[in-house]
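[1] Structure, please.
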Amino acid sequence: MARYTGPREKIERRLGEKLFLKGDRSHSQKSAMVKKPYPPGIHGQKRPGKLSEYGQQLKSKQKVKNVYRLLEKQFKNYIKSSVISKKSPYELIINKLEHRLDNVVFRSGLAQSRDQARQLVNHGHITVNGKKVSIASYQVAIGDTIGVREVSKKSLYFSSLMPQWFKSYEAPSWITVDKDKVTSVMKGHPIAEETGIRTDDLQSIIEFYSR
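    This is a model prediction of the structure:
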């Protein structure tokens, strides 16, 4: 599947917000938003003008889309299918994004970024209810158990690198993690306030795609 492979921190600088796209680096003083807290380009340090309504909608769309590391077509499909449903569009959008397998792997602490989580899924290291699933967009259901293939646990990543942060990681309230078995269970739907997605951004995104 196609994915964005360009510089991730330039996205944050362009939007003017930390999206934590680089794992540990995003929390350090090496972060581009710390070293260069202005948009990229020769005019980046000039005082920005006030955003138009369309500009604000576009910014909200770019922000949420990049947080979940999606390309335009897939993100647009998530939004439009949620809007035409008779249920709450805000809740549906959050559920579709948060129930993605790559996101659940990230939220479970098995990876430090969603890009890293997607790579783990694509390379066949992750299981759902004991069966290997290598589709990052796979929708994890409530009650599903996410694990690591036994053969993968012997790799350098799972045996030496991941333990450096996994033991102290705290998962969100809708995911239960068993750190001894290196498994997690989706026990409920995500809570909007804990996802980091703001209601005003969701409204702006819906308005953007309704134009």
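
[2] what's the following helix or strand after the helix or strand of the chain with the lowest mean pLDDT?
    In the chain, the helix or strand scored least confidently by mean pLDDT, DSSP states H and E is helix 32-35, which has a mean of 52. Next along the chain after helix 32-35, taking DSSP states H and E as the criterion, comes helix 53-67.

[3] Remind me what that following helix packs against, helices and strands.
    Applying 3 or more C-beta pairs under 8 Å, 6 or more residues apart in numbering; DSSP states H and E, one finds that helix 53-67 contacts helix 8-15, helix 72-83, helix 199-209. The way it works is simple: take the backbone N, C-alpha and C, and place the C-beta from them, glycine included.

[4] how about a cut-off of 6 Å?
    If you count contacts as 3 or more C-beta pairs under 6 Å, 6 or more residues apart in numbering; DSSP states H and E, helix 53-67 packs onto helix 199-209.

[5] for the helix it packs on, packing partners?
    Under the contact definition 3+ C-beta pairs under 6 Å, 6+ apart, helix 199-209 sits against helix 53-67, helix 72-83.

[6] Other residues contacting the last one?
    Contacts with helix 72-83, where a contact means C-beta atoms under 6 Å, 6 or more residues apart in numbering, come from 65, 89, 92-93, 96, 205-206, 209.

[7] how far off helix 199-209 does it point, in degrees?
    Orientation note: helix 72-83 sits at an angle of 100 degrees relative to helix 199-209 (axes from the mean of the first three to the mean of the last three C-alpha atoms, to 10 degrees).

[8] Now the element after helix 72-83, going C-ward?
    Next element after helix 72-83 (DSSP H and E): helix 89-98.
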